[in-house]
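Engineer: need coordinates for the following:
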Amino acid sequence: MNKRTTALSLGITLLVLIAGTVGGSFYMLKYALSPENRGKDMAGSLTYMEEMYPQITPWVDSLQNAHALRDTFITAPDGTRLHAFYARASRPRKETAVIVHGYTDNAIRMFHIGYMYNRSLDYNILLPDLRYSGLSGGNALQMGWLDRKDVMQWIDTAPALFGDSIEAVVHGISMGAATTMMLSGEQLPAYVRCFVEDCGYTSVWEQFSKELKERFGLPPFPLLYTASWLCQWKNGWNFHEASAEKQIARCHKPMLFIHGDKDDFVPTWMVYEVYKAKPDPKALWIVPNAGHATSYLLYPEEYTQRVKRFVEDNLNDRP
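Structural biologist: Below you'll find the predicted structure:
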């Protein structure tokens with residue numbers, strides 16, 4: 001009888017642990033991939049950006065008054081409708097920037113980088129809303145892994161918007177930088193010449209491990225493993241495969257790495273790992289006293305000049 005009681009108790013305890021782990025994994029997946037998303041608030045995002053970067057206001061106003069800041073939509077292979085803003089340079093130009101936003105952001109929250117390329121450098125710009133952001137569909141963030149395919153589809157549409165002879169840079173910040181690194185390892189059109197990644201993470205696994213420990217005091221096992229399996233079931237990808245570090249090892253086009261030395265959200269050590277994994281050509285700028293995604297805010301002129309030099313050195317056949 002005692003053996004049966006012990007076995008029953010162990011069985012119940014095991015079931016409770018399994019149920020707790022599965023429940024916790026569902027919670028984690030919702031917490032991480034379907035959070036309350038400021039990126040759905042378009043008007044609030046513009047107000048925020050104009051407060052943080054007042055220099056963009058006359059630029060945005062001039063584009064809107066001229067009906068030059070335009071919307072465009074595509075449909076992903078799974079049927080999800082995706083949105084982007086685009087604007088052309090002040091004169092016909094080949095130079096084009098595809099600009100990719102971060103976690104719980106949207107295209108509007110990259111208008112400072114749009115300003116840099118379109119107003120300061122006079123490039124064409126294309127700013128997609130990633131899934132579950134802005135005016136794009138989807139019910140969950142994809143942490144760059146599925147987003148890389150969507151951005152590749154946007155890259156394919158760029159010649160129809162700006163002309164067949166374009167030469168493009170892909171520039172992402174935070175999750176957008178991870179997206180940029182993840183897509184850099186794919187087969188891309190020849191007109192994609194180079195990349196700029198600003199404070200992207202090495203992999204979803206390492207970023208979520210860090211967040212799980214810091215926010216909840218928990219180790220990766222077992223919760224992160226089961227959450228990764230659930231993500232595979234729900235979204236078709238898992239946390240291990242979503243690796244910027246692995247993808248970037250296959251990239252042979254030039255990339256500029258930017259990271260603040262005070263970044264504690266995507267820790268600064270991560271940029272050294274992805275930089276090491278990337279074959280030449282490449283360049284690295286560690287930004288003094290910059291936290292997460294604040295390098296342009298703190299040093300707009302130096303940021304612009306460094307990006308300009310790097311990109312112009314790597315866009316071929318300039319007029």
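Engineer: rest of the way, CA atoms for contacts and neighbours
Structural biologist: Noted.
Engineer: which residue ranges of the protein form strands?
Structural biologist: 70-75, 81-87, 95-100, 124-128, 167-173, 192-198, 255-260, 282-287 (DSSP state E).
Engineer: starting at the chain centroid, how far to the fourth one?
Structural biologist: When you say that, I think you mean strand 124-128. Computed by Cα atoms, centre = their mean, to the nearest Å, the chain-centroid distance of strand 124-128 equals 14 Å.
Engineer: if we can go back for a sec, okay if I get the strands of the chain as TSV plus distance to residue 37?
Structural biologist: Formatted as TSV, the strands of the chain follow (distance: least, Cα to Cα, whole Å):
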stretch	distance to residue 37
strand 70-75	21
strand 81-87	16
strand 95-100	17
strand 124-128	16
strand 167-173	17
strand 192-198	21
strand 255-260	24
strand 282-287	28
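Engineer: mind putting those strands into TSV with mean neighbour count?
Structural biologist: Converted to TSV, the strands of the chain look like this (neighbours: other Cα atoms under 10 Å):
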stretch	mean neighbour count
strand 70-75	14
strand 81-87	20
strand 95-100	28
strand 124-128	29
strand 167-173	26
strand 192-198	24
strand 255-260	25
strand 282-287	16
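Engineer: dump the ones you listed into JSON lines; add distance to residue 219 and mean pLDDT as well.
Structural biologist: JSON lines is the format used below for the strands of the chain (distance: least, Cα to Cα, whole Å; pLDDT from 0 to 100):
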{"stretch": "strand 70-75", "distance to residue 219": "39", "mean pLDDT": "98"}
{"stretch": "strand 81-87", "distance to residue 219": "36", "mean pLDDT": "98"}
{"stretch": "strand 95-100", "distance to residue 219": "31", "mean pLDDT": "98"}
{"stretch": "strand 124-128", "distance to residue 219": "35", "mean pLDDT": "98"}
{"stretch": "strand 167-173", "distance to residue 219": "27", "mean pLDDT": "98"}
{"stretch": "strand 192-198", "distance to residue 219": "28", "mean pLDDT": "98"}
{"stretch": "strand 255-260", "distance to residue 219": "26", "mean pLDDT": "98"}
{"stretch": "strand 282-287", "distance to residue 219": "29", "mean pLDDT": "98"}
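Engineer: looking at those, which is nearest to residue 229?
Structural biologist: Closest approach to residue 229 among these (Cα to Cα): strand 81-87, 26.2 Å.
Engineer: tell me which residues are up against the closest one.
Structural biologist: Residues from elsewhere that reach strand 81-87 (Cα atoms under 8 Å, 6 or more residues apart in numbering): 63, 68-76, 107, 118, 124-131, 134-138.
Engineer: tell me how far the residue lying closest to residue 132 once chain neighbours are set aside lies from residue 250.
Structural biologist: Spatial nearest neighbour of residue 132, excluding adjacent residues (Cα to Cα, 6 or more residues apart in numbering): residue 138 at 4.7 Å. According to Cα to Cα, to the nearest Å, residue 138 stands 29 Å off from residue 250.
Engineer: for the stretch 201-319 of the chain, which spans come out with low pLDDT?
Structural biologist: 316-319 (pLDDT under 70).
Engineer: do a quick rundown of the helices in it.
Structural biologist: Remark: helices assigned in the stretch 201-319 of the chain by DSSP state H, counting those that start in this stretch are 204-216, 223-235, 244-248, 269-277, 295-298, 300-314.
Engineer: return the most buried member of these.
Structural biologist: Stretch with highest mean neighbour count among those: helix 244-248 (a mean of 23; mean count of other Cα atoms under 10 Å).
Engineer: packing partners of it?
Structural biologist: Applying 3 or more Cα pairs under 8 Å, 6 or more residues apart in numbering; DSSP states H and E, one finds that helix 244-248 contacts helix 175-184, helix 269-277.
Engineer: and the last one, what other elements does it pack with?
Structural biologist: The elements that helix 269-277 packs onto, with contact taken as 3+ Cα pairs under 8 Å, 6+ apart, are helix 244-248, strand 255-260.
Engineer: which other residues reach that helix?
Structural biologist: So helix 269-277 is contacted by 199-202, 244-246, 248-249, 257-259, 282, 284 (Cα under 8 Å, 6+ apart).
Engineer: residue contacts, the nearest residue in space to residue 84 that is not next to it in sequence?
Structural biologist: Leaving aside its chain neighbours, residue 84 sits nearest to residue 128 (3.9 Å; criterion: Cα to Cα, 6+ apart). By Cα under 8 Å, 6+ apart, the residues touching residue 128 are 82-85, 98-101, 106-107, 151, 154.
Engineer: same question for residue 258.
Structural biologist: Here residue 258 is in contact with 196-199, 271, 284-287 (criterion: Cα under 8 Å, 6+ apart).
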